[in-house]
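missing the sequence, but the structure's below:
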């Protein structure tokens, strides 16, 4: 924003520009969803949700029976399809801040910095709440679960074994689809950064654990997302964009209001609904 010499009379456009520039840097769990921009009046709150179950012999399927041999003239058995009707509700989060008339009438750089700082604080606050809600919903809707063995990663646990086991379980239960993303708390990510198997091999040729490591690009074939919204000691593994949809009907709309001699206020609102059509592409892990 340093290239803007001074703020014009329409601060809404300036705030919108700030959101547009910084939003990609702050959203975390949202990136795992297939995100759609929709009209606020056309949001579909009902959807079909797959309800498959898993067995080693048949994999993860919604059909209620196997396919037996048919005698001449006989008909196949009827099987359930494995879906259920699900509903969702739009959720809105919003915050606002005030600019008094002295700042409105000022052309000093302080005015610009004031608006940028408050806009970024507002953006971060809303995004944190959005991702906290998504973390709760993702855990409750995950069609797969995994519990780490051998202790937590900070004690006696083996993160490589846990991740490989979770990936193997994910692939079997999702009909051969491999997980490509994992989200976890930053405190749990530090355990991986201190493990030479996750560090850049250029810096750990002798397999010595560094005090502060550098992760290889997509270690273990996964994109690693650290977000404080994820509950510590857990992780969310998924096939990105396949397990659910996030419909955004208000992507940070700014509503200005003139307060007369007091100044002006600017309210920002973000409205979305998350839906989990194929939850078997999402795993909730614990015990790390």
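Okay, I see it. Quick caveat: nothing in here was measured; it's all calculated off a predicted structure. Residues are numbered from 1 along each chain as shown.

contacting residues around residue 255?
Residues in contact with residue 255 (Cβ atoms under 8 Å, 6 or more residues apart in numbering) are 266, 267, 268, 269. Every C-beta, even on glycine, is put in place using the N, C-alpha and C of the backbone.

number of nearby residues for residue 105?
Residue 105 has 9 neighbouring residues, counting by other Cβ atoms under 10 Å.

ranges for the helices of the stretch 101-250 of the chain?
Assigned by DSSP state H, counting those that start in this stretch, the helices in the stretch 101-250 of the chain fall at 101-104, 109-141, 159-173, 186-193.

which of the residues in the third one are buried?
By neighbour count with 16 or more other Cβ atoms under 10 Å, helix 159-173 contains the buried residues 159, 162, 163, 165, 166, 167, 169, 170, 173.

model confidence over that helix, on average?
On average, the pLDDT along helix 159-173 is 93.

The chain should start at 848 in everything you say after this.
Understood, numbering begins at 848; the last thing we discussed is helix 1006-1020.

now for that helix, which elements pack on it?
The helices and strands touching helix 1006-1020, judged by 3 or more Cβ pairs under 8 Å, 6 or more residues apart in numbering; DSSP states H and E, are strand 906-908, strand 991-994, strand 1081-1085, strand 1129-1133.

Measure how that helix sits relative to strand 1081-1085, angle-wise.
For helix 1006-1020 against strand 1081-1085, the angle by axes from the mean of the first three to the mean of the last three Cα atoms, to 10 degrees is 40 degrees.

roughly how far is helix 1006-1020 from the heart of the chain?
Chain-centre distance of helix 1006-1020: 20 Å, with Cα atoms, centre = their mean, to the nearest Å.

now swap in the last one and tell me
A distance of 18 Å separates the C-alpha centroid of helix 1033-1040 from that of its chain, computed with Cα atoms, centre = their mean.

Please apply the same query to the longest one.
If you compare the mean C-alpha spot of helix 956-988 with that of the full chain, they lie 14 Å apart, counting by Cα atoms, centre = their mean.

packing partners for that helix?
helix 858-873, strand 938-947, helix 948-951, strand 1081-1085, strand 1092-1105, strand 1110-1122, strand 1129-1133.

Which SSE is immediately downstream of the lowest-mean-pLDDT helix or strand in the chain?
Using mean pLDDT, DSSP states H and E, the weakest-scoring helix or strand in the chain turns out to be strand 906-908, at a mean of 68. Using DSSP states H and E, the helix or strand that directly follows strand 906-908 along the chain is strand 930-934.

hmm, back to that, residue 875: which of the contacts of residue 1102 is nearest?
Taking Cβ to Cβ as the measure, residue 875 lies nearest residue 1115 of the contacts of residue 1102, at 18.7 Å.

contacting residues for the closest one?
Applying Cβ under 8 Å, 6+ apart, the residues near residue 1115 are 862, 866, 941-943, 966, 969-970, 973, 1099-1102.

Just send the helices of the stretch 948-1097 of the chain back as a markdown table, with distance to residue 932 too.
Converted to a markdown table, the helices of the stretch 948-1097 of the chain look like this (distance: least, Cβ to Cβ, whole Å):
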| stretch | distance to residue 932 |
| --- | --- |
| helix 948-951 | 51 |
| helix 956-988 | 15 |
| helix 1006-1020 | 23 |
| helix 1033-1040 | 36 |
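
and of the helices and strands packed on helix 1006-1020, who's closest to residue 1109?
Per Cβ to Cβ, nearest to residue 1109 of those: strand 1081-1085, 44.4 Å.

buried set for the closest one?
1081, 1082, 1083, 1084, 1085.

ok, the spatially closest residue to residue 1108 that is not a sequence neighbour to residue 859 distance?
Spatial nearest neighbour of residue 1108, chain neighbours left out: residue 948 (6.3 Å); criterion: Cβ to Cβ, 6 or more residues apart in numbering. The gap separating residue 948 from residue 859 is 17 Å, by Cβ to Cβ, to the nearest Å.

so which of the contacts of residue 1102 is the most crowded?
residue 1115 (23 neighbours).
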